[in-house]
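# my questions are about this predicted structure, shown below with the sequence.
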Amino acid sequence: MGGNELSYINEAFDANWIAPLGPNVNNFEESIKTYLGNGVEVAALSSGTAALHLALILLGVSKDDEVICQSFTFAASANPIIYQGATPVFVDSEPDTWNICPKHLKLAIEDRIKKGKKPKAIIAVHLYGMPYKADALNEISKEYNIPIIEDSAEALGSTYKNKNCGTLGDISILSFNGNKIITTSGGGALVSKLPVHKEKAVFLATQARDQAPHYQHTQIGYNYRMSNISAGIGRGQMEVLDDHVNLRRRMNSFYKDLFSSIDDVTVFEEPNSDYYSNHWLSAIIVNETNGKSREGLRVYLETLNIESRPLWKPMHMQPVFSNAPFYGTNVAENLFKYGLCLPSGSNLGEHEISRIKEGILNYFQ
Ligand SMILES: *Cc1c(COP(=O)(O)O)cnc(C)c1O
């Protein structure tokens, strides 16, 4: 927490605005809008998953449609496709950004069209805060006229060619879950340049209530709006977003220094200066030679009470999606096999950092 969160929550209590709307919600939306720039509109919601679900609805995804989704991601990117009764089509990553591979994306679209169905949308993710190859993806999106849903849940504060992640897709989503770069305890947002998208998202997120003195509904609605209390936390968090990005990037520099002398490990970093990652999580690839391994390192750190985790298990390898089509090779599979997320929090102190350093150096000695 930055310090001002409680005063915004107290404002809500003083004014008795505890509802899923109110001044904090409006102010929080304004501050995200100002931060992202680029003329976007923002709808604050109860989660990033809710934002993805509404994005699919706004793009007309319904039963038996197909939606392309980056395979290497957290399940929340793909689950809302199933909520809509649609089918996910998973696409592999490319090695530079670990995000959806433009070449395999194109192959997937061509093949799905040949099989009789043009995908309704593409869900692309900036994983671990690393921007995806936006120029190449936007070109494909335009060529086939398929909109991109930008899953920027992990990438608030990242940029691609100086443009903010969260403004690169047709519809973008953010998450303010407890583990993200800033948090509202739980929350998310839908971002779009089209005011009608915001209007429609807020309408659907508040039970799709028609204009009438009584309760009337011509559409199925959802209870997805952010509460005025959560938004109070969000207002305070927006004031420390840049600090959090700097702290996460500092952790990444720490790991780059630490591993510069260890040949068997590559630290995940920006491919070139077009990319600026918030380095939400710092990740490494362990080359399994010399008897060292990803799993060996993870288990060793665990004995020192230092938590690390394998990278996301790709969606096409998940039992729950075993029937979904997949286009690609083994890029995501190898990331899962050899990759590890290291402690990356904005609140790590000098003592913890030196413990991590000692543990890692010991393992590789
Ligand atoms: C966290 C996350 C989400 C979902 O956000 P919630 O607010 O937790 O629902 C979606 N996609 C990715 C890539 C995420 O990391």
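Noted; the coordinates are in hand. Residues are numbered from 1 along each chain as shown.
# just give the number of residues close to the closest residue to the ligand within the chain.
Nearest residue of the chain to the ligand: residue 48, at 2.6 Å (CB to the nearest ligand atom). To be clear about C-beta, it is placed using only N, CA and C from the backbone, and glycine gets the same treatment. Using other CB atoms under 10 Å, residue 48 has 27 neighbouring residues.
# ok, now how distant is it from residue 351?
Counting by CB to CB, to the nearest Å, the gap from residue 48 to residue 351 is 33 Å.
# for the residue of the chain closest to the ligand, which non-adjacent residue is spatially closest?
The spatial neighbour of residue 48 that comes closest, neighbours along the chain excluded (CB to CB, 6 or more residues apart in numbering), is residue 175 at 3.0 Å.
# contacts only, for that neighbour.
Going by CB atoms under 8 Å, 6 or more residues apart in numbering, residue 175 touches 47, 48, 49, 51, 76, 153, 154, 187, 188.
# which residues does the fourth one contact?
Remark: with contacts taken as CB under 8 Å, 6+ apart, residue 51 is in contact with 43, 45, 173, 174, 175, 188, 189, 190, 201, 224.
# pull the distance from the strand or helix carrying residue 110 to the chain's centre.
When secondary structure is defined by DSSP states H and E, residue 110 falls within helix 102-114. Centroid separation for helix 102-114 versus its chain: 23 Å, with CA atoms, centre = their mean, to the nearest Å.
# now do stretch 334-342
The answer for stretch 334-342 is 18 Å, by CA atoms, centre = their mean.
# stretch 204-214 too?
Taking CA atoms, centre = their mean, one finds the center of stretch 204-214 at 30 Å from the center of the full chain.
# avg pLDDT for it?
Here stretch 204-214 scores 95 as its mean pLDDT.
# what comes up buried for it?
Buried residues in stretch 204-214, counted by 16 or more other CB atoms under 10 Å: 204, 205.
# cool, and stretch 8-21?
So for stretch 8-21, counting by 16+ other CB under 10 Å, buried means 8, 9, 11, 12, 17, 20, 21.
# closest to residue 322 among the residues you listed?
Using CB to CB, the shortest approach to residue 322 within those belongs to residue 20, at 37.0 Å.
# which residue is the nearest non-sequential neighbour of the closest one?
Spatial nearest neighbour of residue 20, excluding adjacent residues (CB to CB, 6+ apart): residue 225 at 4.0 Å.
# tell me, how many residues neighbour that neighbour?
23.
# isn't it right up against residue 22?
No: counting by CB atoms under 8 Å, residue 225 stays clear of residue 22, with 10.2 Å between them.
# out of the buried residues of stretch 8-21, which sit inside helices?
8, 9, 11, 12 (DSSP state H).
# contacts only, for the nearest residue to residue 94 once chain neighbours are set aside.
Residue nearest to residue 94 in three dimensions, not counting chain neighbours: residue 101, with 3.9 Å by CB to CB, 6+ apart. Contacts for residue 101 (CB under 8 Å, 6+ apart) come out as 91, 92, 93, 94, 328, 331.
# with residue 251 instead?
279, 282, 343, 344, 345, 348, 353 are the contacts of residue 251 under CB under 8 Å, 6+ apart.
# what sits closest to the fifth one if chain neighbours are left out?
Think residue 345. Of all residues not flanking residue 345 in the chain, residue 251 sits nearest, at 7.7 Å (CB to CB, 6+ apart).
# low-confidence bits of the stretch 201-350 of the chain, can you list those?
In the prediction, the stretch 201-350 of the chain carries no residues with pLDDT under 70.
# now the helices for it?
Along the stretch 201-350 of the chain, the segments classed as helices by DSSP state H, counting those that start in this stretch run 228-238, 241-259, 294-303, 331-338, 350-364.
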